[in-house]
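> give me a 3D structure for the following:
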Amino acid sequence: MRKDHKTFRAAAVAASLAMAAVLAAPVSAEDSIGLYWKSAPTTTAWVNPYGECWQGQDGEKLAPCGEVAFVPHAPLVMRLLFEINRYKLQDIRNPEELRKLDTLIAEFKATPREEVVSIVGHTDKLGSLQLNQVLSENRAETIKNYMIDHGYPAADIREVKGMAWEGGNDVAANGAVIDLGPLENNPLRRRVVVTELGPDQLKQFSQ
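Here you go, the predicted model:
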């Protein structure tokens, strides 16, 4: 997601306040630095008012954010229980599931790098392949429009597609495979997956 300097103002101010609090205490310079890093999150990005960014762990081996190894968010799998043959927001029987997407958008806004995502809609195997292909695409488009309406840049949604009658399973945040069960008439298959694309995946779009 494209960021402006205002996005990082809170991070920069927080870092300044933390350092000020440390230096105010009557301790040695070496102890001050140690206390400062301990007060920061384990993995943190620091951004100054000029948009320059550094990232590291416990203050060790800081590097420009662009040079830090890419660690994507785990794919967000939303169990959106659409009514059969429906794809609009008002057709979702469990709209509270969209709160996961709200959280993801907020996390992306708070990070220093630009996140690019793909959105893939899925269906179960109920009805013809042709019907389900259109349905899966429409479900993905619904989530795309939702993200844009909630402040996610359209340019950072690189791929929107549907995958009807597709087998395979999803992957949880901890890397575990989620067994979705059969394709036939299975609500777990009626889902939308939002995935952050890494550098290698983005190269495929530029070729």
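> packing partners of the longest helix seen in the chain?
Across the chain, the longest stretch assigned as helix under DSSP state H is helix 129-149. On a contact count with 3 or more CB pairs under 8 Å, 6 or more residues apart in numbering; DSSP states H and E, helix 129-149 meets helix 98-110, strand 117-122, strand 157-163, strand 192-196. Placement of C-beta: from N, CA and C, glycine included.
> pick the most deeply packed of these.
strand 117-122 (a mean of 23; mean count of other CB atoms under 10 Å).
> that one pairs with which strands?
Partner strands for strand 117-122, per DSSP bridges, with pairing direction: strand 157-163 (parallel), strand 192-196 (antiparallel).
> for the closest residue to Ala140 other than its chain neighbours, give me its contacts.
Of all residues not flanking Ala140 in the chain, Gly121 sits nearest, at 3.5 Å (CB to CB, 6 or more residues apart in numbering). Applying CB atoms under 8 Å, 6 or more residues apart in numbering, we find Gly121 in contact with 87, 135-143, 161-163, 191-192.
> and which of those residues is nearest to Lys203?
Distance to Lys203, by CB to CB, is smallest for Lys161 among those, at 18.2 Å.
> hey, what's the nearest residue to that closest one once chain neighbours are set aside bridged with?
Distances taken as CB to CB, 6+ apart place Val120 nearest to Lys161, at 5.7 Å, with adjacent residues excluded. Partner residues in beta bridges with Val120, using DSSP bridges, are Lys161, Val193.
> residue contacts, Val120?
136, 140, 159-163, 192-193, 195.
> how near is Arg79 to Asp156?
According to CB to CB, to the nearest Å, Arg79 stands 24 Å off from Asp156.
> can you pull the contacts of Leu188?
Here Leu188 is in contact with 79, 124, 180-181 (criterion: CB under 8 Å, 6+ apart).
> same check on Asn174?
Ala74.
> of all the helices and strands packed on helix 129-149, which one comes closest to His150?
Among those, helix 98-110 comes nearest to His150, with 5.5 Å by CB to CB.
> how about the helices in the protein?
9-24, 29-39, 98-110, 129-149, 199-206.
> of those, which shows the lowest average pLDDT?
Lowest mean pLDDT within the helices of the chain: helix 9-24, a mean of 39.
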